[in-house]
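Engineer: okay, predicted coordinates and the sequence, questions at the end:
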Amino acid sequence: MHVHFLDPYRAGTSPVHALDPRVKLVLALAFILTTSLTPVGAWPIYVLLLAIVLSVEILSELGVGKVLRRSSLALPFVLAALPLAFSTGTQRLFAIPLGFGELAVYAEGLERFASIAVRSWISVQVAIVLASTTPFPDLMLAMRAIRVPRLLVSIFGLMWRYIFVMADEAQRLMRARESRSAVGAIPGLKAGGGIGWRARVTGGMAGNLFVRSLERGDRIYSAMSARGYDGEVRTLGLPRVSPGEWALLCGGIILLLGLLWLSFLLS
Amino acid sequence: MLRPTDLDAPPALHIERLSFSYPDGHPALHEVTLDVRQGEKVAIVGPNGAGKSTLILHLNGILTGQGTVRVCGLDVVKQNLGRVRALVGMVFQLPDDQLFSPTVFDDVAFGPLYQGLPEAEVRARVAQALAAVGMSEYMHRVSHHLSVGEKKRIAVATVLSMQPEMLVLDEPSAGLDPRARRGLINLLRDLPQTILVTTHDLPLVRDLCPRTIIMDGGTIVADGRTADILADEALLTAHGLEMP
């Protein structure tokens, strides 16, 4: 039994799947950059950006619902921007009464927070579509092709290779713990242990995984060195990007620049 | 099919028509039926992917399939899992998975502590379990730095401290040097519990288990006296095994 659910890639035959990974990567990065450069409160532009993402999602046949559900991953990170609503601006909207005083919410801060939330949500969707329609090895080739530092790409690649091994290991550890989490023969005793003790056990398991990963790293490095690794990963060349894909790439970037220009006009 | 005829002892394990498929649809067990009497030592052998490990993960409800699994008269169903896991001591193939606590003491004490036993009882159980595997002086060592053989013995102690009725060991001799392997065989042979081992180590089977079950393709293809099964070269070869 192995853990596969971590791999977001879903095989398919849609035009989004078929697009050259280099073009896809560059367009996705350009899109995310555009989204993050769009000024606060440029709501019409956000709607246009969202429309583009949703169209790509429909085109990719991944299922819009599935992508939207996955995009909830961004929520906890968005919360980091929440304090803006309480700290930025002058126009007081309302106040939340607390025991020791009250927490004022400002219109300007709230708009800023909402803008950040919407933009992160759109960006995460693009990333999900990219990762779901491009096998990870192709994504790595694309990163190399657009000159992402090779060391960084190697680190991504090794992480990708071994994160599943680690997930399997974690699963086996948890199984072993579950197998010994039993109820004794003497009635009346409360099974489960205290929360502090349980936390210590979990901490021990995490530490265990860390030490083992560290040791595995050493072994992998030895195995790589034994096959002549010198810090440089060599790969076969990639096919040329077709004229049609070049056109799509340029068209996409011009469209994004246009949207950006429009958003500054609006603000 | 041969069966031991000692019908007086109550069954330690009763499995009836157990089938299981992994979530991806891959079938792993097909209508497995099996009875093990108390105190019996049984080996389950067979090629990789035969379903041995999948079968033993059903004995304490880590996996649940269709059919009946009963341990010491207790159905392995959700509401009984707490008790079942106290009755079935599962020793996994890799001792590193079993030893997830910082020290040997913490690991051996995990089961008793989880059960909520009083401290004096926990200490007594740990001392007893470590003595049973001949590792008393390792109590305060860090598990991480032990040899595979030592870890294996500690792994056995981590379930003995729960005083189980049955021990289930997955590939107990994998990775052990001859001396550690011999020591483990002697240790297991002297334990009073019902023991089920899955293994590829047929000499271990010969020395430890009077009864052998061959699994292949998710079903039991032979079940009988070890002496008979290990002498049947055609049967062994047909299921990817070699005569010891």
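Structural biologist: Cool, got the structure.

Engineer: what residues does the stretch 151-267 of chain A have near chain B?
Structural biologist: A:169, A:172-173, A:175-186, A:189-193, A:197, A:201, A:204-205, A:207-208, A:211-212 (Cβ under 8 Å from any Cβ of the partner chain). (C-beta placed from N, C-alpha, C; glycine too.)

Engineer: these in helices, which ones?
Structural biologist: Using DSSP state H, the members of those that fall in helices are A:169, A:172-173, A:175-179, A:197, A:201, A:204-205, A:207-208, A:211-212.

Engineer: part of a strand, is residue B:35?
Structural biologist: Yes - with DSSP: H, G, I helix; E, B strand; the rest coil as the criterion, residue B:35 is part of a strand.

Engineer: from chain A, how far off is it?
Structural biologist: Here residue B:35 is placed at a distance of 22 Å from chain A (Cβ to the nearest Cβ, to the nearest Å).

Engineer: what's opposite that residue in the beta bridge?
Structural biologist: On the basis of DSSP bridges, residue B:35 is bridged to residue B:14.

Engineer: any idea where the helices of the chain begin and end?
Structural biologist: Chain wasn't specified; assuming chain A. With DSSP H as the criterion, chain A has helices spanning A:15-18, A:21-37, A:43-60, A:64-70, A:75-78, A:84-87, A:107-133, A:136-145, A:150-179, A:195-226, A:243-266.

Engineer: chain B was what I was after
Structural biologist: Listed in chain order, the helices of chain B (DSSP H) span B:52-58, B:81-87, B:95-98, B:104-114, B:119-132, B:148-160, B:178-190, B:202-208, B:226-231, B:233-238.

Engineer: packing partners of the shortest one?
Structural biologist: This means helix B:95-98. Applying 3 or more Cβ pairs under 8 Å, 6 or more residues apart in numbering or on different chains; DSSP states H and E, we find helix B:95-98 packed against helix A:150-179, helix B:148-160.

Engineer: got the CA positions of it in PDB?
Structural biologist: As requested, C-alpha coordinates have been extracted for helix B:95-98 and formatted as PDB (Å, rounded to 0.1, in the frame of the first residue of the first chain):
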ATOM      1  CA  PRO B  95      11.500  -2.500  13.600                       C
ATOM      2  CA  ASP B  96      12.100   1.200  12.900                       C
ATOM      3  CA  ASP B  97       8.300   1.600  12.300                       C
ATOM      4  CA  GLN B  98       7.500  -0.100  15.500                       C
END
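
Engineer: so for that helix, mean pLDDT?
Structural biologist: Predicted confidence along helix B:95-98 averages 86 (mean pLDDT).

Engineer: ok, the fourth one next?
Structural biologist: Mean pLDDT, taken over the full extent of helix B:104-114, equals 90.

Engineer: could you see whether chain A lies near that helix?
Structural biologist: Yes - for helix B:104-114 and chain A, the contact criterion (Cβ under 8 Å from any Cβ) is met by B:106, B:110-114.

Engineer: same list (those residues) but as TSV, adding distance to residue A:267.
Structural biologist: Below are the residues of helix B:104-114 next to chain A laid out as TSV (distance: Cβ to Cβ, whole Å):
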residue	distance to residue A:267
B:106	60
B:110	60
B:111	64
B:112	66
B:113	61
B:114	59
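
Engineer: and which of these is nearest chain A?
Structural biologist: Within the set of the residues of helix B:104-114 next to chain A, residue B:111 lies nearest chain A; the separation is 4.4 Å, counting by Cβ to the nearest Cβ.

Engineer: around that closest one, how many other residues sit close by?
Structural biologist: For residue B:111, the neighbour count with other Cβ atoms under 10 Å in any protein chain shown is 29.

Engineer: residue contacts, it?
Structural biologist: Contacts were defined as Cβ atoms under 8 Å, 6 or more residues apart in numbering or on different chains; by that measure residue B:111 touches A:180, A:182, B:86, B:158-159, B:161-162.

Engineer: which one is it nearest to, not counting chain neighbours?
Structural biologist: The shortest distance from residue B:111 to any residue other than its chain neighbours is 3.8 Å, reached at residue B:162 (Cβ to Cβ, 6 or more residues apart in numbering or on different chains).

Engineer: the one you found is in contact with residue A:179, isn't it?
Structural biologist: No - under the criterion of Cβ atoms under 8 Å, residue B:162 makes no contact with residue A:179, lying 9.7 Å away.

Engineer: burial count for residue 229?
Structural biologist: Just going to use chain A. Residue neighbour count, defined by other Cβ under 10 Å, stands at 14 for residue A:229.

Engineer: switch to chain B, that's the one I care about
Structural biologist: The tally of other residues near residue B:229 (other Cβ under 10 Å) stands at 23.

Engineer: repeat that for the one 5 residues further on.
Structural biologist: Neighbour count of residue B:234, defined by other Cβ under 10 Å: 6.

Engineer: so which residue is smack in the middle of chain B?
Structural biologist: Nearest to the centroid of the C-alpha atoms of chain B, with distances taken as Cα atoms, centre = their mean, sits residue B:168, at 1.4 Å.

Engineer: any idea how far residue A:51 is from it?
Structural biologist: 58 Å (Cβ to Cβ, to the nearest Å).

Engineer: same deal with residue A:45?
Structural biologist: Using Cβ to Cβ, one obtains 10 Å as the distance from residue A:45 to residue A:51.

Engineer: okay, the two: which has more neighbours?
Structural biologist: Neighbours of residue A:45 and residue A:51, each counted by other Cβ under 10 Å, are more numerous for residue A:45; the result is 22 against 10.

Engineer: picking that back up, quick one: residues contacting the residue nearest to residue B:111.
Structural biologist: Residue B:162 makes contact with A:180, A:182, B:86, B:89, B:111-112, B:115, B:125, according to Cβ under 8 Å, 6+ apart.

Engineer: can you check residue A:255 too?
Structural biologist: Residues counted as contacts of residue A:255 (Cβ under 8 Å, 6+ apart): none.

Engineer: likewise for residue A:81?
Structural biologist: Applying Cβ under 8 Å, 6+ apart, we find residue A:81 in contact with A:112-113, A:116-117.

Engineer: and those residues, which is closest to residue A:34?
Structural biologist: Within the contacts of residue A:81, distances to residue A:34 taken as Cβ to Cβ reach their minimum at residue A:116, with 15.1 Å.

Engineer: any idea how far residue A:133 is from the closest one?
Structural biologist: Using Cβ to Cβ, residue A:116 is found at 26 Å from residue A:133.

Engineer: neighbour count: these two, which is higher?
Structural biologist: Counting neighbours by other Cβ under 10 Å for residue A:116 and for residue A:133 shows that residue A:133 has the greater number, 28 against 18.

Engineer: from memory that one sits against residue A:10, does it?
Structural biologist: Yes - with contact taken as Cβ under 8 Å, residue A:133 and residue A:10 are classed as touching, separated by 7.4 Å.

Engineer: and for the two, which residues touch both?
Structural biologist: Contact criterion Cβ under 8 Å, 6+ apart; residues shared by residue A:133 and residue A:10: residue A:62.

Engineer: which of the residues of the stretch 151-267 of chain A next to chain B are buried?
Structural biologist: Of the members of these, the ones counted as buried by neighbours, 16 or more other Cβ atoms under 10 Å in any protein chain shown, are A:169, A:172-173, A:175-177, A:179-184, A:191, A:193, A:201, A:204-205, A:208, A:212.

Engineer: so how far is the worst-scoring helix or strand of chain A on mean pLDDT from its chain's centroid?
Structural biologist: Counting by mean pLDDT, DSSP states H and E, the weakest-scoring helix or strand in chain A turns out to be strand A:92-98, with a mean of 79. For strand A:92-98, the distance between its averaged C-alpha position and the chain's averaged C-alpha position is 34 Å (Cα atoms, centre = their mean, to the nearest Å).
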